[in-house]
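Engineer: okay, predicted coordinates and the sequence, questions at the end:
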Amino acid sequence: MRKIVVSEFVSLDGVMEDPGWTVPYWNNEIAKFKFDELFASGALLLGRTTYEGFAAAWPTKEHAKAMEGAFSTLPKPSAFSERMNDIPKFVAASTLAKLEWKNSNLIRADLIDEVVKLKGQPGQNILLVGSASVARALMRNDLVDDYHLLVYPILLGRGKRLFDDGTNRPLELVEARTLGSSVVHLHYSPRSGRSLGQEGTRPCRVQGAG
């Protein structure tokens with residue numbers, strides 16, 4: 001069975017909206033993390049807003065050139081953009097009639113039913129980025145297998161948050177490591193069937209910078 005992986009850039013106070021504020025912190029370690037994450041995935045799951053932003057940028061030559069600069073330390077800087085364009089994309093967007101971006105598939109039926117079907121197929125992980133409303137719907141239905149949160153050392157004070165009011169999910173820290181620029185990667189998985197503080201959880205790996 002495939003995993004649903006929710007991967008987000010978040011500020012120290014939990015904001016995920018319009019993550020242009022992450023740009024000054026970009027470094028080679030973050031580039032490698034995002035590269036490895038994408039290539040460990042067999043599909044993207046996106047909401048309408050995130051899809052429209054991606055579809056307007058990723059297929060263009062200008063964006064591809066910018067991404068080559070962002071991933072310049074990797075063996076093939078163009079590989080990330082190529083993968084983003086080629087990977088299957090499943091889009092939860094009831095207001096869209098047609099998807100123009102290559103390999104995009106519109107989810108027309110019930111989102112939860114379709115995600116359950118996707119999870120049951122063989123293949124690599126299904127990666128969800130941005131798309132807060134979709135992520136929240138999957139959380140409410142216990143369909144998220146892993147959370148990869150890149151926490152940035154900035155307080156924004158306002159903006160959309162990944163975890164909205166009323167969210168109540170016990171999570172287990174699998175790994176914590178710094179990715180340079182004081183950015184911390186936190187990998188969490190749900191604590192299925194366990195209460196907070198209960199014995200028998202997996203050990204957490206904590207790594208230092210570099």
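Structural biologist: Perfect, I can see it now.

Engineer: just the CA trace of stretch 42-61, in CSV.
Structural biologist: Extracted in CSV, the C-alpha atoms of stretch 42-61 (Å, rounded to 0.1, in the frame of the first residue of the first chain):
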residue,chain,number,x,y,z
GLY,A,42,5.0,8.4,-7.6
ALA,A,43,2.3,11.0,-7.7
LEU,A,44,1.4,14.5,-6.4
LEU,A,45,-1.9,15.2,-4.7
LEU,A,46,-2.9,18.9,-5.0
GLY,A,47,-5.8,21.3,-4.2
ARG,A,48,-7.0,23.9,-6.6
THR,A,49,-5.0,26.9,-5.4
THR,A,50,-1.7,25.0,-5.3
TYR,A,51,-2.4,23.3,-8.6
GLU,A,52,-3.1,26.6,-10.4
GLY,A,53,0.0,28.2,-9.0
PHE,A,54,2.2,25.2,-10.0
ALA,A,55,0.6,24.8,-13.4
ALA,A,56,1.3,28.5,-14.2
ALA,A,57,5.0,28.2,-13.3
TRP,A,58,6.5,24.7,-13.7
PRO,A,59,5.9,24.2,-17.4
THR,A,60,7.5,27.5,-18.4
LYS,A,61,11.1,27.9,-19.5
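
Engineer: can you give me the pLDDT of residue 166?
Structural biologist: Reading off the per-residue confidence, residue 166 sits at a pLDDT of 76.

Engineer: repeat that for residue 169.
Structural biologist: With respect to pLDDT, residue 169 scores 83.

Engineer: neighbours around it, how many?
Structural biologist: A count of neighbours around residue 169, defined by other CB atoms under 10 Å, yields 13. The way it works is simple: take the backbone N, C-alpha and C, and place the C-beta from them, glycine included.

Engineer: SS state for it?
Structural biologist: In the three-state summary, residue 169 is assigned as coil, counting by DSSP: H, G, I helix; E, B strand; the rest coil.

Engineer: what's next to the longest helix along the chain, contact-wise?
Structural biologist: When secondary structure is assigned using DSSP state H, the longest helix within the chain turns out to be helix 28-39. The set of residues external to helix 28-39 that reach it, using CB atoms under 8 Å, 6 or more residues apart in numbering, is 5, 7, 70-71, 73-74, 79-80, 83-84, 87, 127, 148, 150, 179-181, 183, 185, 210.
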